[in-house]
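Student: Next one to model:
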Amino acid sequence: MTAVSDTTPLRLALFTDTFAPQVNGVARTLARLVDAVQERGGAVRVFTVADEDDPATGPGPVDLIERFPGRRFWAYPQLRLAWPARRDVRRQLEEFQPTIVHAATEFGIGLAGRAMARDLHVPFVTSYHTSFTAYAEHYGLGMLAEPGWHYLRWFHNSGLRTYCPTQAIIRELDAHGFVECREWSRGVDPERFSPRYRSNELRSRLQADDDTLVVSYIGRLGVEKGLDVVLDCMRQLHASCPERVRFLIVGDGPYEDAVRASAPAGSLITGRLDGQALSEAFASSDVLLFPSTTDTFGNVLLEAMASGTPVIGADVGPTREQLAPDRGWLVTPGDARAFTDTVLHLLAHPSARVTARGNALAFAASKRWDVIWDALIDDYRLLQRPWAAREESTTPSQSSRRSRADSATISR
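Tutor: I've put the predicted structure just below:
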């Protein structure tokens, strides 16, 4: 596709099955994307699922948010899927006149975006945020993993790009026959996450002094996040050195009741936190546990590091990219004893925490959102097509691109 001038106004149609006011890493990232495009003079229209409690709720000054009624996904009840009528989506796209369509999820809303982008000859891109096949394993649906890869490959290879949060995910998708993958990393807001938010009041609530290690888990309380490993680790630490460790658990989700029932005595379980309270939770911790093997990035890793809190994480590709070398500690996935032994090592060797803290802060400082958004939006501009040119016939390069995508889908 021929690149258009940087002066061509960017008009992004964003299709996603999760968006604010939902609280998860994907929804938060996409809300930031909307802000970034608008700050750079572009326009955005978001197509998403209606919130269960308030279908009209939406963030900030978006040109328009189209919300469609959805139903809970039987295999993952926290996800709501909608199947909007094509005529409605087509009418709204013709009114908005996008120069590029981005599908951030692969199901109901994302499928509508894919179909309409192809029908209207608007450049189409996707992003890969969630390892659904890994989630399937956690929820006892492992038999769906291989069919899941076939479907995901078909969906993503129909676009001009698949944006991935890490190089580890790009390598994984490449191995499964995906084409045209590009890195779209994540950043962290240094005004929101910083060591200056360390709170003596919060540490007093935990009965933690300077010789006490506050061990935290901050994130969604879902079984796929490795909460069983966190709880086992915390119970082992409580049994071996109850006077030297305290436990802080922040978040909500379907596993919350189990967490409250199984956490060691004296644990502070706050539920969901926002704003300054969340900033204080990160900065008042001494080490964060991140046992997830399903996250494609893990936004809390950067938020913890920017807060001066080193991380102990499961040794899997996306986490390894953020923590290695010497910005945290990597341990065997699923091994609660390995997490426990690492915490005990940090109790015995405080200097190790100091070194990791400095390295983590330096790495987080390098992950500036403005650089990340500039790179993504520059790529949008390379791919976008003015609305008036949408009826042009497909160029040879596009034909070749689609043929390669179809071949990859068929042959694997």
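Student: all helices for the stretch 51-200 of the chain, in order.
Tutor: With DSSP state H, counting those that start in this stretch as the criterion, the stretch 51-200 of the chain has helices at 86-96, 108-120, 132-138, 145-156, 167-175, 200-205.
Student: want to throw those into CSV with mean pLDDT, mean neighbour count and distance to residue 28?
Tutor: All C-beta atoms are positioned from the backbone trio N, CA, C, and that covers glycine. Formatted as CSV, the helices of the stretch 51-200 of the chain follow (pLDDT from 0 to 100; neighbours: other C-beta atoms under 10 Å; distance: least, C-beta to C-beta, whole Å):
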stretch, mean pLDDT, mean neighbour count, distance to residue 28
helix 86-96, 93, 15, 24
helix 108-120, 95, 21, 18
helix 132-138, 61, 19, 19
helix 145-156, 88, 17, 22
helix 167-175, 93, 16, 18
helix 200-205, 96, 14, 23
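Student: Can you add distance to residue 12 and give the ones you listed back as CSV?
Tutor: Below are these laid out as CSV (distance: least, C-beta to C-beta, whole Å):
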stretch, distance to residue 12
helix 86-96, 10
helix 108-120, 11
helix 132-138, 24
helix 145-156, 18
helix 167-175, 22
helix 200-205, 39
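Student: if I've got this straight, residue 14 is in a helix?
Tutor: No: going by DSSP: H, G, I helix; E, B strand; the rest coil, the assignment for residue 14 is strand, not a helix.
Student: residues touching the nearest residue to residue 162 once chain neighbours are set aside, list them.
Tutor: With sequence-adjacent residues excluded and distances taken as C-beta to C-beta, 6 or more residues apart in numbering, residue 162 is closest to residue 156, at 4.4 Å. Contacts for residue 156 (C-beta atoms under 8 Å, 6 or more residues apart in numbering) come out as 106, 126, 128, 162, 173, 178.
Student: looking at these, which has the most residues close by?
Tutor: residue 126 (29 neighbours; other C-beta atoms under 10 Å).
Student: on that earlier part again, for the residue nearest to residue 162, give its distance to residue 203.
Tutor: Distance of residue 156 to residue 203, computed by C-beta to C-beta, to the nearest Å: 45 Å.
Student: what do you get for residue 64?
Tutor: From residue 64 over to residue 203 the distance is 45 Å, taken as C-beta to C-beta.
Student: Would you map the helices across the stretch 251-400 of the chain?
Tutor: Remark: helices assigned in the stretch 251-400 of the chain by DSSP H, counting those that start in this stretch are 256-262, 275-283, 299-306, 317-323, 336-348, 350-365, 369-383, 396-411.
Student: any idea how far the residue nearest to residue 110 when sequence neighbours are not counted is from residue 48?
Tutor: Leaving aside its chain neighbours, residue 110 sits nearest to residue 103 (3.9 Å; criterion: C-beta to C-beta, 6+ apart). Separation of residue 103 from residue 48 (C-beta to C-beta) stands at 11 Å.
Student: joint contacts of these two?
Tutor: Common contacts of residue 103 and residue 48 (C-beta under 8 Å, 6+ apart): 15, 16, 109.
Student: ok, back up a step: relative to residue 270, which of the contacts of residue 156 is nearest.
Tutor: residue 128 (31.2 Å; C-beta to C-beta).
Student: The residue nearest to the closest one when sequence neighbours are not counted pairs with what?
Tutor: Spatially, and ignoring its direct neighbours in sequence, residue 128 is nearest to residue 164 (5.2 Å; C-beta to C-beta, 6+ apart). Listed by DSSP bridges, the beta-bridge partners for residue 164 are residue 183.
Student: Do you know the pLDDT at residue 164?
Tutor: At residue 164, the pLDDT value in this model is 97.
Student: How many neighbouring residues does it have?
Tutor: Each residue near residue 164 was counted by other C-beta under 10 Å, and the total is 27.
Student: do you know how far it is from residue 379?
Tutor: Distance check for residue 164 against residue 379: by C-beta to C-beta, it reads 13 Å.
Student: and the nearest residue to residue 171 once chain neighbours are set aside, what is it in contact with?
Tutor: Distances taken as C-beta to C-beta, 6+ apart put residue 317 closest to residue 171, at 7.2 Å, once the chain neighbours are dropped. By C-beta under 8 Å, 6+ apart, the contact set of residue 317 is 166, 168, 169, 171, 172.
Student: between those, which is nearest residue 84?
Tutor: residue 169 (28.2 Å).
Student: contacting residues for residue 361?
Tutor: By C-beta under 8 Å, 6+ apart, the neighbours of residue 361 are 195, 305, 306, 308.
Student: What is the most widely separated pair among those residues?
Tutor: 195 and 305 (10.6 Å).
Student: the more surrounded of these two?
Tutor: More crowded of residue 195 and residue 305, by other C-beta under 10 Å: residue 305, with 29 against 14.
Student: and the more buried one, what pLDDT?
Tutor: You'll see residue 305 listed with a pLDDT of 97.
Student: what about it, distance to residue 45?
Tutor: Using C-beta to C-beta, we find residue 305 at a distance of 34 Å from residue 45.
Student: ok, now residue 21?
Tutor: Taking C-beta to C-beta, one finds residue 21 at 18 Å from residue 45.
Student: Comparing the two, which residue is more hemmed in?
Tutor: Comparing residue 21 with residue 45 by neighbour count (other C-beta under 10 Å), the higher total belongs to residue 45, at 21 against 12.
Student: which neighbours does the helix or strand in which the more buried one is found have in its sheet, and in what orientation?
Tutor: Residue 45 is located in strand 43-49, with elements delineated by DSSP states H and E. Strand 43-49 has these partner strands in its sheet, going by DSSP bridges: strand 11-15 (parallel), strand 64-68 (parallel).
Student: who's in contact with it?
Tutor: Outside strand 43-49, the residues touching it (C-beta under 8 Å, 6+ apart) are 9-19, 30, 34, 37-38, 58, 62-70, 80-82, 84, 89, 92, 96, 98, 108-109, 112-113.
Student: List only buried entries from the residues you listed.
Tutor: Buried members of those, scored by 16 or more other C-beta atoms under 10 Å, are 10-19, 30, 34, 37-38, 58, 62, 65-68, 70, 80-82, 84, 89, 92, 96, 98, 108-109, 112-113.
Student: Show me the shaky parts of this structure.
Tutor: 1-6, 51-63, 72-79, 132-145, 391-412 (pLDDT under 70).
Student: What are the structural domain limits within it?
Tutor: 11-187+369-411, 195-365 (automatic domain parsing).
Student: Kind regards, and thank you for your time.
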